[in-house]
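Novice: let's see this in three dimensions:
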Amino acid sequence: MRLFALSLAAIAVPALAAPQRTPAQEIEALIQRVAAAKGVIFLRNGSEYSAADAATHLRRKLRAADGQIRTPEQFIDQLGARSSMTGRPYRVRLPDGREMDSATWLTGLLRDVRAGR
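Specialist: Numbers count the residues shown, from 1 in each chain. Below you'll find the predicted structure:
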């Protein structure tokens with residue numbers, strides 16, 4: 001009887017990757033990340049809003065877009081970056097006090113969603 005040594009290096013094992021999502025699922029995951037953002041304040045047209053309120057607002061804008069938003073990038077650029085009423089950019093204040101444009105922050109969240117983090 002012959003015994004064969006098996007080298008694990010010889011076996012091709014696919015790398016574990018984040019599950020593929022549809023664009024609509026990515027947008028929903030992004031909105032969920034916004035809603036769960038602890039200590040983040042959203043600055044919209046001179047007023048401050050909680051993360052939960054910002055997520056509600058983004059969902060409302062997405063519904064109003066009536067299917068015209070097809071990608072998360074469109075969602076960020078057309079709905080999450082600025083006020084459709086005034087054109088003023090949305091901003092976020094992070095828990096450490098830093099502020100940035102919401103488009104920059106949302107793009108970072110999208111990167112995390114796609115990386116499975």
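
Novice: what residues are up against residue 40?
Specialist: Contact analysis of residue 40 by Cβ atoms under 8 Å, 6 or more residues apart in numbering lists 51, 92, 93, 94, 95. Glycine gets a C-beta too; all of them are placed from N, C-alpha and C.

Novice: measure it to residue 88 for me?
Specialist: Distance of residue 40 to residue 88, computed by Cβ to Cβ, to the nearest Å: 18 Å.

Novice: buried among the contacts of residue 40? Make that a ChimeraX selection.
Specialist: Those of these that count as buried under 16 or more other Cβ atoms under 10 Å are selected in ChimeraX with:
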select :51,92
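
Novice: confidence score at the most centrally placed residue in the chain?
Specialist: With distances taken as Cα atoms, centre = their mean, residue 30 lies nearest the centre of the chain, 3.0 Å away. pLDDT, residue 30: 97.

Novice: am I right that it is in contact with residue 75?
Specialist: Yes. Shown here, residue 30 and residue 75 form a contact pair, counting by Cβ atoms under 8 Å, at 6.9 Å.

Novice: circling back to that earlier point, for the residue nearest to the centre of the chain, give me its contacts.
Specialist: Contacts for residue 30 (Cβ under 8 Å, 6+ apart) come out as 72, 75, 76, 106, 109, 110, 113.

Novice: hang on, residue 26 in a helix?
Specialist: Yes. Judged by DSSP: H, G, I helix; E, B strand; the rest coil, residue 26 forms part of a helix.

Novice: sorry, back to before: in which helix or strand does the residue nearest to the centre of the chain reside?
Specialist: Assigning secondary structure by DSSP states H and E places residue 30 in helix 23-35.

Novice: which SSE is immediately downstream of that helix?
Specialist: With DSSP H and E, the next secondary element past helix 23-35 is strand 41-44.

Novice: show me what that following strand pairs with in its sheet, parallel or antiparallel.
Specialist: Strands that pair with strand 41-44, judged by DSSP bridges, come out as strand 47-49 (antiparallel), strand 91-93 (antiparallel).

Novice: need the contact partners of the last one.
Specialist: Residues external to strand 91-93 that are found in contact with it (Cβ under 8 Å, 6+ apart): 40, 41, 42, 43, 48, 99, 100, 101, 102, 105.
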